[in-house]
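>>> dropping a prediction and its sequence here:
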Amino acid sequence: QLSLAATFPRMAAMEDEYGSLTRALLAKMRQARRQGGHSAGPAGPGGTLTSLANGMEQLPSALARKLDGRLRLDAGVNAVTEVGEGFRLTTTNTPLTVDAVVLTTPAKDTAGLLDAVAPAAVDPLRNIRTVPIAVVMTSYDSSAFDRPPQGFGVLVPGTESLGILGTLYCHSIFAGQAPSGSIFLRTMVGGARDPEAVELDDDELLARTRGALRLVLGADPDPTRVWIVRWAEGISQYTAGHLERVKQIETATRAAGIEVAGSAYRGVSVNDCIRQARQAARRVADRLAGTRG
């Protein structure tokens with residue numbers, strides 16, 4: 001159901017270049033042998049999972065400090081309308097008149113803000129599907145395991161009936177993010193495979209997680225601490241026709257002088273979102289410079 005070009009653009013490019021993924025893989029393997037190395041497969045060179053020393057909260061906190069007094073919190077935007085060469089934002093607090101607007105809200109929320117200024121973007125935005133996900137985080141004393149889990153973690157294929165999508169061994173992946181002598185696991189539940197699972201209460205989610213980890217790890221010690229977070233619009237689904245929808249959205253919003261960015265469009269990773277945000281900011285800066293010049 002997913003769009004190859006939108007979800008795995010490099011694989012799509014290889015298929016276009018070689019005619020099929022099989023021929024592409026064979027060509028990459030031959031190239032690797034000629035170079036005396038190993039093929040990294042269709043995804044290209046293997047990457048390394050990285051994070052910030054004190055967790056991802058560092059990123060928005062640093063941005064907030066940089067923005068200083070210009071950051072407005074608890075000010076939900078209800079409408080965007082054109083006024084002169086700028087825009088008026090109707091908010092839950094004081095209305096704002098601004099020179100430019102960049103929307104990084106979920107696609108359905110963005111659609112609700114564009115009726116008056118970019119109506120052609122509304123339908124394609126509403127057709128970007130998202131699925132919910134729950135994240136169950138559990139911490140343990142390392143002494144609770146005969147063999148403390150090490151490595152990346154485990155991704156559970158859809159053919160297995162474990163009730164989870166996978167588990168990351170965060171204490172092993174991100175050194176320093178778990179206290180010495182502790183085990184920290186992050187388990188994902190729900191997604192497109194089982195969206196209703198997110199509606200389970202905390203006790204049910206924890207029981208499901210522990211049951212799956214018992215099979216994966218061969219042990220089920222009592223966690224010393226549990227955190228559970230639910231994301232109702234957790235993962236954007238780049239279904240067939242996604243890139244065409246994105247093109248329609250970008251054409252309509254840019255014609256209105258508005259930019260959109262975020263995981264709904266051209267990549268769901270933090271790196272993808274930062275790249276899109278930088279590109280949007282550059283277009284805004286260029287447009288304002290042209291207007292004022």
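Nice, I can see it. Residues are numbered from 1 along each chain as shown.
>>> got any ranges where this structure has weak pLDDT?
The model of the chain has pLDDT under 70 over residues 1-18, 20-25, 28, 32, 36-48, 292-293.
>>> per-domain residue ranges of it.
1-50, 57-128+238-291, 130-236 (the TED database).
>>> gap between Leu215 and Glu82?
57 Å (C-beta to C-beta, to the nearest Å). From N, CA and C alone the C-beta is placed, and that goes for glycine too.
>>> nope, Leu26 is what I meant
Taken as C-beta to C-beta, the span from Leu26 to Glu82 is 55 Å.
>>> need the helices for the stretch 101-250 of the chain, in chain order.
107-113, 122-126, 170-173, 202-217, 242-255 (DSSP state H, counting those that start in this stretch).
>>> is it true that Ala100 touches Gly257?
Yes. Using C-beta atoms under 8 Å, Ala100 is in contact with Gly257, at 7.0 Å.
>>> okay, and the common contacts of these two?
Shared contacts of Ala100 and Gly257 (C-beta atoms under 8 Å, 6 or more residues apart in numbering): Phe87, Arg287.
>>> of these two, give the one with the bigger neighbour count.
Shown here are Ala100 and Gly257; by other C-beta atoms under 10 Å, Gly257 has more neighbours (20 against 17).
>>> got a list of what that one touches?
Contacts of Gly257 by C-beta under 8 Å, 6+ apart are Phe87, Ala100, Val101, Arg287.
>>> quick check: of those residues, which lies closest to Pro223?
Nearest to Pro223 among the contacts of Gly257 is Val101, at 43.8 Å by C-beta to C-beta.
>>> and the gap between the closest one and Ala281?
12 Å.
>>> the two: who's more crowded?
Using other C-beta under 10 Å, the more surrounded residue of Val101 and Ala281 is Val101, with 21 against 14.
>>> how about the contacts made by the residue nearest to Val102 when sequence neighbours are not counted?
With sequence-adjacent residues excluded and distances taken as C-beta to C-beta, 6 or more residues apart in numbering, Val102 is closest to Glu259, at 4.4 Å. Going by C-beta under 8 Å, 6+ apart, Glu259 touches Ala100, Val101, Val102, Leu103, Thr253, Ala280, Arg283, Val284.
>>> strands - which of those land there?
Counting by DSSP state E, the part of the contacts of Glu259 found in strands is Val101, Val102, Leu103.
>>> pretty sure the last one sits against Gly112.
No. Under the criterion of C-beta under 8 Å, Leu103 lies out of contact with Gly112, with a separation of 10.4 Å.
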